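Asker: what shape does this take:
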Amino acid sequence: MKSSIIFSYDIADEFCIGQVVGLTANSAVVLAESNDTREVNLILLEGDKYYPRNISKELPALDKYKIGIKTLMYNIVIFKYNQGFGLLIHDYLYLWDTFYSNYTEYKIRNHFEKDVHNRVIGPVRASAIENSNEILVTLSDYDCCLDVARYYCTLKIQNDYAEWLRPERQLKLEQFSIETASTRKWSVIQDAVFQNNMYYIHTIGEDMNHYKFGMSCSVLCDNDINGKVVKTRNIEKGFGFFSSMKEYLIVHSLKNKSKLYFYGITKEFEDILSLTPKQNLGSGDKYFIKCDAIENTLWIYNAQMLNCCKLKIK
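Answerer: Below you'll find the predicted structure:
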């Protein structure tokens, strides 16, 4: 697999990039925070142009919780939803049909209560379930970092509110033959999607400092509608992200940071993309890479750079 840079977006001086979600093969939306004011922005990428939209004063949840994408108390999660996109902010859900449209707000009625230490369970990643009014969400636990998911659970949209379809589920370390002295017997969920009546989950084993200690596993699981693991694939150890259209799981290798590994979700497919300045990095570096892909378009980014690339698949 090869790639070439189509556009480089010079926005790192203005914004801290949180997450990029592809909308079409020619457009994407960025969740970002202003470096000066710390206000939350959505940024439309369209061709070689970008268009910021400050939503800090638009959304009641942002005003209520006084949060940004770097906040330690709550997460903000963006995801593709139909032809538009959505945001999850603690116990609020917001949906947009297009970047310029007005949002629809849903309060989550049965959101998880805070524990005795005032800690919360919150969203880490989210993915819409096609042909339904449901969203699959990975969730942190009370004593976890906000970007570490223990559970997965479905959020259902009703007429004017949303609700969790409990119980929330988790993966056990023993399912992957991992023994641990830790009291945490669950396996970290890096990302999850639902397609064709199956859950597809990338799990990376024990909750630890992976950059220092490595990963106890890296497994792509196929789980049935009841959450039972029916198939597993051992894949490259690294941080994986399912593409918005659910075509690939893209893993940034933990050991070889110059490689992205692509795995097909519903079909057997595997390929490797080298990270180089000429192909995809431009003036950026290869550390803490995140990405999304739609068809042959790849958005690759970290804190210093954001590039739109053309994929050349063998």
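Asker: for M208, phi and psi?
Answerer: phi -160, psi 180 (degrees, to the nearest 10).
Asker: contact partners for it?
Answerer: Contact analysis of M208 by CB atoms under 8 Å, 6 or more residues apart in numbering lists S216. Any C-beta I mention is one placed from the backbone N, CA and C, and that applies to glycine too.
Asker: quick one: low-confidence parts of the stretch 51-200 of the chain?
Answerer: The stretch 51-200 of the chain contains residues with pLDDT under 70 at 68-74, 179-183.
Asker: repeat that with 80
Answerer: 66-74, 146, 177-185 (pLDDT under 80).
Asker: how far away is V230 from S253?
Answerer: 27 Å (CB to CB, to the nearest Å).
Asker: again, but for S216
Answerer: Distance of S216 to S253, computed by CB to CB: 16 Å.
Asker: comparing V230 and S253, which residue is more hemmed in?
Answerer: S253 (19 against 11; other CB atoms under 10 Å).
Asker: the more buried one and M215, how far apart?
Answerer: 11 Å.
Asker: which neighbours do those two have in common?
Answerer: With CB under 8 Å, 6+ apart as the test, S253 and M215 both reach K237, G238.
Asker: now do the buried residues in stretch 149-156.
Answerer: Buried positions in stretch 149-156, judged by neighbour count with 16 or more other CB atoms under 10 Å: A149, R150, Y151, Y152, C153, T154, L155.
Asker: could you find the closest non-adjacent residue to the second one?
Answerer: So that's R150. D141 (4.3 Å; CB to CB, 6 or more residues apart in numbering).
Asker: which residues does the one you found contact?
Answerer: I121, V148, R150, Y151.
Asker: and if you look at I289?
Answerer: Going by CB under 8 Å, 6+ apart, the list of residues near I289 reads H252, K257, L260, L275, I300, Y301, N302.
Asker: wouldn't the third one be in contact with I272 here?
Answerer: It refers to L260. Yes: the criterion here is CB atoms under 8 Å, and L260 meets it with I272 at 7.1 Å.
Asker: comparing these two, which residue is more hemmed in?
Answerer: L260 (28 against 13).
Asker: against N256, how distant is the closest residue to that one other than its chain neighbours?
Answerer: Sequence neighbours aside, L273 is the residue nearest to L260 in space, at 4.4 Å (criterion: CB to CB, 6+ apart). Using CB to CB, L273 is found at 12 Å from N256.
Asker: what about these two, which has more around it?
Answerer: L273 (23 against 16).
Asker: helix or strand: which one has the more buried one?
Answerer: Counting by DSSP states H and E, the element that carries L273 is strand 270-274.
Asker: what's downstream of that strand, the next helix or strand?
Answerer: Immediately after strand 270-274, counting by DSSP H and E, sits strand 290-294.
Asker: what sits against V188?
Answerer: V188 touches V148, A149, R150, T203, I204, G205, E206, D207, counting by CB under 8 Å, 6+ apart.
Asker: between these, which is nearest N102?
Answerer: Of all the contacts of V188, N102 sits closest to A149, with 30.5 Å by CB to CB.
Asker: which residue is the nearest non-sequential neighbour of that closest one?
Answerer: Using CB to CB, 6+ apart, the nearest residue to A149 is T138, at 3.7 Å.
Asker: quick check: the gap between the one you found and Q175.
Answerer: From T138 over to Q175 (counting by CB to CB), the distance is 17 Å.
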